[in-house]
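**Student:** return a 3D structure for these sequence lines:
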Amino acid sequence: MLIPLNTVYNDLINKINQWDHAYYVLDNPIVPDAEYDRIFKELLSIEANHPELIISDSPSQRVGAKPIDDYTKVEHQVRMLSLANAFSLEETYAFFEKAAKDLEIDPSTLTIFSEPKLDGLAITIHYENGHLIYAATRGDGQIGEEVTHTIKTIKSIPLKLATANPPKQLDVRGEAFMPKAAFEKLNSLALENERKTFVNPRNAAAGSIRQMNPKIAAERDLQFIPYGIGAYEGDTHFTLHSEILGYLQQLGFRRNPHCYTFQGSFENFESNYKIMEAARTQLPMDIDGIVYKVDDLNLQTRLGFIARSPKWAVARKFPAQNDITQLLAVDFQVGRTGVLTPVARLTPVFVGGVTVSNATLHNMDEIERLGLCIGDDIEIQRAGDVIPKVVKVITQGIQRLPIIMPEQCPVCQAPVERLPGQAAFRCTAGLTCPAQGAERIKHYASRKFMNINNLGTKLIEVLYNNGTLKTIADIYTLSLNDIATLDGQGEKSAQNVLDSIETSKTTRLATFIGALGIHEIGEEGAKYLAKYFKTLDAITHASLEDLLQVPDIGPVMAQNVVHFFNDEKNKAIIKAIMSAGVNWPDEVEEPINQQPLLGQTWVLTGTLEQLTRSEAKELLERLGAKVAGSVSKKTSCVVAGKDAGSKLTNAQALGITVLDETEFLTRFKEDITKPSSSIS
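**Tutor:** Presented below is the predicted three-dimensional model:
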């Protein structure tokens, strides 16, 4: 039976509106981008061929979903529009061919501006006389939600424009987004605390900006990059879109990386796409395509708009990052700290430009949250070169098999256990498990910890694979012959390794604790433990209650420390290391009169040439200062090295004292040369 065209059309509208509501209002996308794009393209095709069917509530007649009711509504002075999409080189070129035809010029004479299409939330920020007045989401294009309270927490957004002659009014339009590293950190914390994870950085950015509590947004490292302006009243006049972005950069905004201009030939579009596709995985943020615009503002005005989008700009989308496949099996991999991570084995599927056959499942709690069984059809997501993840179950399999955590380590057969209150299951073999061995040795010898300069990762792998190195204690039993007889090595290079090992034996308690690789005890956690307990013996014998008294050591960290030092194999390895001569000075608190910076907050920025960043940080902490990662009104002083960036700019704007490296070294010359008993 043939379904009437208007029924098909209305069904498409209802489906897209439902998806829009889930995505924009509920922050809970329910279909992959590829499926959404396919259905939307089908709707546009029907409307192009049958304009008499178009109705006012078609998603093609509006930009986005309605704003949620919890926020103050803001009416945009200049409407915020969306972009038409293109999914191939041919479609992209055809879009500008039509633009050139409307202008009665040759396409190759058009100057095209290209920029990465950031995958975040569209925001407009309104300034008056250089001061930020309010910020709002795009909403339906005409009316958005005021989100000033969260936008002000984004440090890449100036509260005051960096100019002596600000425009009377200016709407800065751009994308608020969450960098990849911040997204991974946010989801890791969510898993540790048994909270729901975000589907992707775009979803996380939208959820963060819509937070009622700005403190939550402030903790999530959101970023903002402008892509244009709306309402504008000022003395500077523009003839090109690229000039506007240059002007915004002068006002204190970040510039989108990898922006280009080129003449609009087919070959230039092809070349530009290849450049951007290659750069995609190297960027610190997710991008889902490239935005192409006619650079000439006069030509933009002549081309004008259609109901949904401008006729002078189009978004070339990258291949879908999400797709559907079947879960065939689950393997368990053992990491450096002994944590068993479930990995999904999938029916191979082409997604994000590559064939994917496995995906991460994080932990058993995540599997339970997903309601996942072997045999299910699932949605997977791939972002750049990061291992894909399972997003949700699409269809339950006919013969579903439960996913069960093994009782023994799949590598060394030691028992697997789960500490109370923690999500992770761990191999109990500790430092002796082969799956953990090489990575633990690399961690121990790394520059950040024991700093064994000439014992590099490749050499560690060779020595581990041939059985010479089994645990970190074996580093101190290496002989000249063990190294000199290896391919590519010789007596001189072998001696350099042994010399580095000998030098590393004199260290600090905090450095040694961090080098052991106790789960979740990194540099800072190790410092807190060393500062509080003063000796290795005290840390080794500390009870859970004792550890919970240490500032900034939480229950999970404390539990991990107790578990590590209760393991007899770990104790034996530590004893062997100490017998080999590893030592450190006693940890003694600096007298208050030798801590002139007590209570002050300092910030380091740029490249220091005479001290390493770690050495400068150690010095400041020894003198009593807290070393922060960002500049605020509470910052006492900023040390600015070569190529200092936004932190220096912020400090100057706030009137904070700034020292260059020479001034810093001169001021603390005596303290640098004085022997330190502080914690490294």
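**Student:** next, the buried residues of whichever strand or helix holds residue 122.
**Tutor:** Per DSSP states H and E, residue 122 falls inside strand 121-128. Residues of strand 121-128 classed as buried: 121-127 (neighbour count, 16 or more other CB atoms under 10 Å). (Glycine included, C-beta is placed from N, CA and C.)
**Student:** ok, then the element right after that strand?
**Tutor:** Per DSSP H and E, the first helix or strand lying C-terminal to strand 121-128 is strand 131-137.
**Student:** tell me the contacts of the residue nearest to residue 483 when sequence neighbours are not counted?
**Tutor:** Once flanking residues are discounted, residue 483 sits nearest to residue 494: 3.7 Å by CB to CB, 6 or more residues apart in numbering. Taking CB atoms under 8 Å, 6 or more residues apart in numbering, we find residue 494 in contact with 480-484.
**Student:** nearest to residue 106, of the residues you listed?
**Tutor:** residue 483 (66.8 Å; CB to CB).
**Student:** is it fair to say the closest one lies in a helix?
**Tutor:** Yes: looking at residue 483 with DSSP: H, G, I helix; E, B strand; the rest coil, it is inside a helix.
**Student:** how about the strands in the stretch 351-500 of the chain?
**Tutor:** 354-360, 377-381, 389-395, 416-418, 425-427 (DSSP state E, counting those that start in this stretch).
**Student:** what does the first one rub up against?
**Tutor:** The set of residues that contact strand 354-360 without belonging to it, under CB under 8 Å, 6+ apart, is 325, 341-350, 380, 382, 387-390.
**Student:** swap in the third one?
**Tutor:** Outside strand 389-395, the residues that touch it by CB under 8 Å, 6+ apart are 199, 322, 324, 327, 344, 359-362, 370-372, 376-381.
**Student:** one more time with 6 Å, if that's ok
**Tutor:** 199, 324, 344, 359-361, 370-372, 376-381 (CB atoms under 6 Å, 6 or more residues apart in numbering).
**Student:** where in the stretch 301-450 of the chain is pLDDT low?
**Tutor:** Across the stretch 301-450 of the chain, the ranges flagged by pLDDT under 70 are 307, 320, 352-353, 383-386.
**Student:** can you give me the helices for it?
**Tutor:** Listed in chain order, the helices of the stretch 301-450 of the chain (DSSP state H, counting those that start in this stretch) span 364-370, 434-445.
**Student:** okay, those in JSON lines with distance to residue 46 next?
**Tutor:** Converted to JSON lines, the helices of the stretch 301-450 of the chain look like this (distance: least, CB to CB, whole Å):
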{"stretch": "helix 364-370", "distance to residue 46": "35"}
{"stretch": "helix 434-445", "distance to residue 46": "55"}
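**Student:** mean neighbour count, the ones you listed: which tops it?
**Tutor:** Burial of these is given as mean neighbour count (mean count of other CB atoms under 10 Å); helix 434-445 ranks first at a mean of 21.
**Student:** what sits closest to residue 379 if chain neighbours are left out?
**Tutor:** Excluding the flanking residues, the one nearest residue 379 by CB to CB, 6+ apart is residue 391, at 4.4 Å.
**Student:** strands along the stretch 101-250 of the chain, start to end?
**Tutor:** With strands called from DSSP E, counting those that start in this stretch, the stretch 101-250 of the chain shows them at 111-118, 121-128, 131-137, 143-145, 169-177, 223-233.
**Student:** rank those by pLDDT, which is bottom?
**Tutor:** Per-stretch mean pLDDT for the strands of the stretch 101-250 of the chain is lowest at strand 143-145 (a mean of 87).
**Student:** next, residue 525: secondary structure please.
**Tutor:** Applying three-state DSSP: residue 525 is helix.
**Student:** the chain should start at 20 in everything you say after this.
**Tutor:** Got it, first residue is 20 now, which makes that one residue 544.
**Student:** give me every residue that touches it.
**Tutor:** residue 576.
**Student:** so for it, what's the pLDDT?
**Tutor:** For residue 544, pLDDT reads 88.
**Student:** what does residue 651 give?
**Tutor:** Looking at residue 651, its pLDDT reads 80.
**Student:** same check on residue 177?
**Tutor:** pLDDT at residue 177 comes out at 88.
**Student:** skip the chain neighbours and tell me the closest residue to it.
**Tutor:** In space, residue 177 is closest to residue 271, 3.8 Å off (CB to CB, 6+ apart).
**Student:** want to try JSON lines for the strands of the stretch 120-269 of the chain, with distance to residue 450 as columns?
**Tutor:** Below are the strands of the stretch 120-269 of the chain laid out as JSON lines (distance: least, CB to CB, whole Å):
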{"stretch": "strand 130-137", "distance to residue 450": "44"}
{"stretch": "strand 140-147", "distance to residue 450": "45"}
{"stretch": "strand 150-156", "distance to residue 450": "51"}
{"stretch": "strand 162-164", "distance to residue 450": "53"}
{"stretch": "strand 188-196", "distance to residue 450": "40"}
{"stretch": "strand 242-252", "distance to residue 450": "39"}
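**Student:** check the burial of residue 392 by counting its neighbours.
**Tutor:** Neighbour count of residue 392, defined by other CB atoms under 10 Å: 17.
**Student:** angles on the backbone of it, please.
**Tutor:** phi -130, psi 160 (degrees, to the nearest 10).
**Student:** ok, it - contacts?
**Tutor:** Residue 392 makes contact with 419-421, according to CB under 6 Å, 6+ apart.
**Student:** again with residue 368
**Tutor:** Residue 368 neighbours (CB under 6 Å, 6+ apart): 342, 344, 375.
**Student:** from those, pick the one nearest residue 536.
**Tutor:** residue 375 (30.4 Å).
**Student:** filter the contacts of strand 373-379 to the buried ones?
**Tutor:** Among the contacts of strand 373-379, those scoring as buried are 344, 361-363, 365, 368, 399, 401, 407-409 (criterion: 16+ other CB under 10 Å).
**Student:** residue 308: helix or strand, and which one exactly?
**Tutor:** Judged by DSSP H and E, residue 308 forms part of strand 306-313.
**Student:** not counting sequence-adjacent ones, nearest residue to residue 493?
**Tutor:** Nearest-residue entry for residue 493: residue 487, 7.0 Å, with adjacent residues in sequence omitted and distances by CB to CB, 6+ apart.
**Student:** brain fart, residue 597
**Tutor:** Among residues not flanking residue 597 along the chain, residue 555 sits closest, at 8.0 Å (CB to CB, 6+ apart).
**Student:** ok, now how distant is that neighbour from residue 565?
**Tutor:** Counting by CB to CB, to the nearest Å, the gap from residue 555 to residue 565 is 14 Å.
**Student:** pretty sure residue 685 belongs to a strand, no?
**Tutor:** No: under three-state DSSP, residue 685 falls outside any strand and is assigned helix.
**Student:** for it, give me its contacts.
**Tutor:** Going by CB under 6 Å, 6+ apart, residue 685 touches no other residue.
**Student:** quick check: mean pLDDT across the strand holding residue 308?
**Tutor:** If you average the pLDDT over strand 306-313, you get 94.
**Student:** so which elements touch that strand?
**Tutor:** strand 130-137, strand 332-336 (3 or more CB pairs under 6 Å, 6 or more residues apart in numbering; DSSP states H and E).
**Student:** returning to that earlier point: so how far is the strand holding residue 141 from its chain's centroid?
**Tutor:** In terms of CA atoms, centre = their mean, to the nearest Å, the centre of strand 140-147 is found 23 Å from the chain centre.
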